[in-house]
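Enquirer: This is a predicted model, with the sequence first.
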Amino acid sequence: MKQYLGVAILLSIFTLVGCNNSNKTKKEQPAETKAMVGNDADEHGCKASAGYKWSAMQKKCIRPFTLPLKMTSVDNGTSTSGAFAQFNADSTKVELFATSWPKGIILERRKAAAGYVWNVEDDSTPNLKQDAGIWTLSQGGKLIYQEKKK
């Protein structure tokens, strides 16, 4: 009986010491810092986690994917990226957004051989134009986005 009492006392002591050490270990560890969801506002107050980007043309936060002109990537359907565009009132400018770009790009309308093209006088910038009734976006001579056929 004394053996069982001695074992019980030893187990109780180990349990108390173990509990005491586990609390001590937890207190010594630094608290985890968690990023708050929705705490990702940019310099304009637009929350990217909610799908907002700053529109320089509209001077407000917008959700580009709600814009009327939507184009999808032409990389054989392996990408989920898209491009979105909005024109100003007289269509002399267009603001482009793409899922892979950090912010929108404003392009100006220029007369082309077949109608108009929206770009900046630099071949490295995106070029937006309409081909056979379908909007296309190319860069450096390579087609990257196009509107789905209607």
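Expert: The structure has been received and is ready for your questions.

Enquirer: how about the strands of this protein, start to end?
Expert: With DSSP state E, the ranges of strands along the chain come out as 53-55, 60-62, 69-73, 82-87, 93-98, 105-112, 115-119, 126-131, 134-139, 142-146.

Enquirer: wait, which of these is closest to His44?
Expert: Judged by CB to CB, the one of those that comes nearest to His44 is strand 53-55, at 4.3 Å. Heads up, the C-betas are built off the backbone N, CA and C, glycines and all.

Enquirer: Report the rounded mean pLDDT for that closest one.
Expert: Mean pLDDT, strand 53-55: 93.

Enquirer: what does that strand contact?
Expert: 42-44, 46, 60-64, 86, 95, 97, 103-104 (CB atoms under 8 Å, 6 or more residues apart in numbering).

Enquirer: I'd like these written out as a markdown table, with pLDDT added.
Expert: Putting the contacts of strand 53-55 into a markdown table (pLDDT from 0 to 100) gives the following:
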| residue | pLDDT |
| --- | --- |
| Asp42 | 81 |
| Glu43 | 81 |
| His44 | 85 |
| Cys46 | 90 |
| Lys60 | 95 |
| Cys61 | 94 |
| Ile62 | 94 |
| Arg63 | 93 |
| Pro64 | 94 |
| Gln86 | 95 |
| Glu95 | 96 |
| Phe97 | 94 |
| Lys103 | 88 |
| Gly104 | 92 |
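
Enquirer: want to try a markdown table for the strands of the chain, with mean neighbour count as columns?
Expert: Listed next are these as a markdown table, based on neighbours: other CB atoms under 10 Å:
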| stretch | mean neighbour count |
| --- | --- |
| strand 53-55 | 20 |
| strand 60-62 | 17 |
| strand 69-73 | 18 |
| strand 82-87 | 21 |
| strand 93-98 | 21 |
| strand 105-112 | 14 |
| strand 115-119 | 18 |
| strand 126-131 | 18 |
| strand 134-139 | 17 |
| strand 142-146 | 17 |
